[in-house]
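1. make a model of this:
(4 chains)
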Protein chains: 2
Amino acid sequence: MTEAPPTPPRRSDATRAAILRAARERFAAEGYDRATIRAIAADARIDPSMVMRYYGSKEGLFAAAAEFDLRLPDLTEVPPARLGETLVRHFLHRWEGDETLAALLRTASTNPGAAERVRGIFADQLGAMVGRFGNDPATTGKRAGLVASQILGLAFTRYIVRLPPMVDMTPEELVAWVGPTLQRYLTGRSGD
Amino acid sequence: MTEAPPTPPRRSDATRAAILRAARERFAAEGYDRATIRAIAADARIDPSMVMRYYGSKEGLFAAAAEFDLRLPDLTEVPPARLGETLVRHFLHRWEGDETLAALLRTASTNPGAAERVRGIFADQLGAMVGRFGNDPATTGKRAGLVASQILGLAFTRYIVRLPPMVDMTPEELVAWVGPTLQRYLTGRSGD
DNA sequence: ATGAAGTGTCAACAACTGTTGGCATACGGT
DNA sequence: ACCGTATGCCAACAGTTGTTGACACTTCAT
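-> Now for the predicted structure:
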């Protein structure tokens, strides 16, 4: 798996990476439209034309920068009653350190392609996870959607809109409040 | 209160209203950046320069178009155990018919001013409502924030990202699932 | 009828955008 | 040492954007 690469690392790889890093920051902070190629190139200390050469277009750059994996943990070892709690903790930890999702959310608000990508991420990755539990298959889609609604609402209020109470609460407070919600969406029944 | 206006209605009022209607539609559908003044003016069948004359600037137009009131109902008559259910029903009904909030959410993702406005709406209007119940005042801010996180997550997944399960669920299904969540955020305790 | 204010159109501006092609330099295998 | 290729910068393009000012027509009180 991890053999020596057949082609030696090129000198431009560093530039490529610098562009990608700057792009993620700008996209996360300003969204797709306001993040200009010129600003990204300036952050990466290279010429705007290099961005085009390496990523083809702004859309290509965004596609490369918005690669995002929820990295859902293996939940088969978790006691079924603690699934919600575990999920919230995972998401909070996953997002505090990676601004890719903020970029994706900011852009998904106005860019159909990014919205499609968010749909894919949460339908596929979350849907697959929910389906792994023995729920009625007819409800797994809805359960995944509901989990996504609370998770994305958490992300939206805490990282995008920055609603003060949601920003100030500690991760453990959020786990204590939001965990039971996800738990009910995952294993509970409609109507409580 | 509702006397005859001291100044008779001007002829331009119709134009003003047409601009505002077109602006709300465009802002809701495309967000602040992608909604151009030229497109809005074309929708309203007037010249772009009229927009400037009547609203000063694009920001001024947005400020006028993004006026939004949650119109929270009087909840003092509602049985305390049905608060969550009532709230979800109200929000769904409030949003299906008014695209202003979609415009606000789309724009809040990238525009600091719009984000500030969303913060104000949900902190003030929701906070005031939550505070009206006899909870520990120390928790009212957090409770309002949590309610906002689930409500905005619902709006974000159903109206912005259009996550299929969230779009397909009927209002009553959503009430049955999300209602208990709000109920717990409002009157329950952390940790369930 | 007259003049001022209201209402609208047209053309243009300056700034900024993504994108392109040409040209210089540095690298790496021969 | 040589040459093709990789890497980088510069200048410019065509299109779009918010915004402005000049000019024409209408309304309406005097």
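2. and the helix or strand containing residue A:117, does that touch chain B?
-> Assigned by DSSP states H and E, residue A:117 falls within helix A:112-120. Yes: legend: contact between helix A:112-120 and chain B by CB under 8 Å from any CB of the partner chain is shown at A:115, A:118-119. Where C-beta positions appear, they are placed from N, C-alpha and C, glycine not excepted.
3. helix, strand or coil for the closest residue to residue A:94 other than its chain neighbours?
-> Residue nearest to residue A:94 in three dimensions, not counting chain neighbours: residue A:71, with 6.1 Å by CB to CB, 6 or more residues apart in numbering or on different chains. Judged by DSSP: H, G, I helix; E, B strand; the rest coil, the three-state class of residue A:71 is coil.
4. need the phi and psi values for residue A:71.
-> Here is the backbone geometry of residue A:71 (degrees, to the nearest 10): phi 50, psi 50.
5. from residue B:190, how far out is residue A:164?
-> 18 Å (CB to CB, to the nearest Å).
6. what are the structural domain limits within chain A?
-> With domains defined by automatic domain parsing, chain A comprises A:11-65, A:75-187.
7. out of the ones you listed, which comes closest to DNA strand D?
-> Evaluated over those, closeness to DNA strand D peaks at domain A:11-65, with 3.2 Å, by CB to the nearest atom of the strand.
8. tell me the buried residues in the least confident helix or strand in chain A by mean pLDDT?
-> Using mean pLDDT, DSSP states H and E, helix A:127-131 stands out as the lowest-scoring helix or strand of chain A, at a mean of 90. Of the residues in helix A:127-131, A:127, A:129-130 count as buried by neighbour count, 16 or more other CB atoms under 10 Å in any protein chain shown.
9. could you measure from the residue nearest to residue A:94 over to DNA strand C?
-> 30 Å (CB to the nearest atom of the strand, to the nearest Å).
10. what is the neighbour count of that residue?
-> Neighbour count for residue A:71, taken as other CB atoms under 10 Å in any protein chain shown: 11.
11. same check on the one 3 residues further on?
-> For residue A:74, the number of neighbouring residues by other CB under 10 Å comes to 8.
12. residues contacting stretch A:123-130, please?
-> A:69-70, A:72, A:75, A:140-141, A:143-144, A:147-148, A:186, B:163-165 (CB atoms under 8 Å, 6 or more residues apart in numbering or on different chains).
13. can you check stretch A:96-107 too?
-> Taking CB under 8 Å, 6+ apart as the rule, stretch A:96-107 contacts A:24-25, A:27-32, A:62, A:65-68, A:94-95, A:114, A:117-118, A:121, A:152, A:155-156, A:159-160, B:109-110.
14. what of stretch A:153-167?
-> A:88, A:91, A:95, A:101-102, A:105-106, A:174, A:178, B:108-109, B:115, B:118-119, B:122-123, B:141-142, B:144-146, B:148-154, B:156.
15. what do you get if the cut-off is 6 Å, keeping everything else the same?
-> For stretch A:153-167, the external contacting residues (CB atoms under 6 Å, 6 or more residues apart in numbering or on different chains) are A:102, A:105, B:108-109, B:115, B:118-119, B:141-142, B:145, B:148-150, B:152-153, B:156.
16. if you count neighbours, what's buried in stretch A:170-186?
-> A:174-186.
17. give me the below-cutoff pLDDT ranges for chain A.
-> A:1-11, A:134 (pLDDT under 70).
18. which elements pack onto the lengthiest helix in chain A?
-> Across chain A, the helix with the greatest residue count (assigned by DSSP state H) is helix A:12-34. Packing contacts for helix A:12-34, counted by 3 or more CB pairs under 6 Å, 6 or more residues apart in numbering or on different chains; DSSP states H and E, involve helix A:37-43, helix A:58-65, helix A:100-108.
19. any bit of the last one sitting next to DNA strand C?
-> No: with CB under 7 Å from any atom of the strand as the criterion, DNA strand C is not reached by helix A:100-108; the gap is at least 12.4 Å.
20. ok so, going back, got the buried residues of helix A:127-131 as a markdown table, with distance to residue B:38 columns?
-> Formatted as a markdown table, these follow (distance: CB to CB, whole Å):
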| residue | distance to residue B:38 |
| --- | --- |
| A:127 | 41 |
| A:129 | 45 |
| A:130 | 45 |
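21. tell me how far stretch A:27-45 is from the chain's mean position?
-> How far stretch A:27-45 lies from its chain's middle: 19 Å, per CA atoms, centre = their mean, to the nearest Å.
22. okay, that stretch in PDB with CA atoms only?
-> C-alpha atoms of stretch A:27-45 as PDB (Å, rounded to 0.1, in the frame of the first residue of the first chain):
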ATOM      1  CA  PHE A  27     -13.400  29.300   0.900                       C
ATOM      2  CA  ALA A  28     -14.200  28.500   4.600                       C
ATOM      3  CA  ALA A  29     -14.000  32.100   5.700                       C
ATOM      4  CA  GLU A  30     -15.800  33.800   2.700                       C
ATOM      5  CA  GLY A  31     -17.600  31.200   0.700                       C
ATOM      6  CA  TYR A  32     -17.200  30.400  -3.000                       C
ATOM      7  CA  ASP A  33     -18.100  33.700  -4.500                       C
ATOM      8  CA  ARG A  34     -16.200  36.100  -2.300                       C
ATOM      9  CA  ALA A  35     -13.100  34.000  -2.200                       C
ATOM     10  CA  THR A  36     -11.300  35.200  -5.300                       C
ATOM     11  CA  ILE A  37      -8.500  33.300  -7.100                       C
ATOM     12  CA  ARG A  38      -6.300  36.400  -6.800                       C
ATOM     13  CA  ALA A  39      -6.700  36.400  -3.000                       C
ATOM     14  CA  ILE A  40      -6.000  32.700  -2.700                       C
ATOM     15  CA  ALA A  41      -2.900  33.000  -4.900                       C
ATOM     16  CA  ALA A  42      -1.700  35.900  -2.900                       C
ATOM     17  CA  ASP A  43      -2.100  33.900   0.300                       C
ATOM     18  CA  ALA A  44      -0.100  31.100  -1.300                       C
ATOM     19  CA  ARG A  45       2.400  33.600  -2.500                       C
END
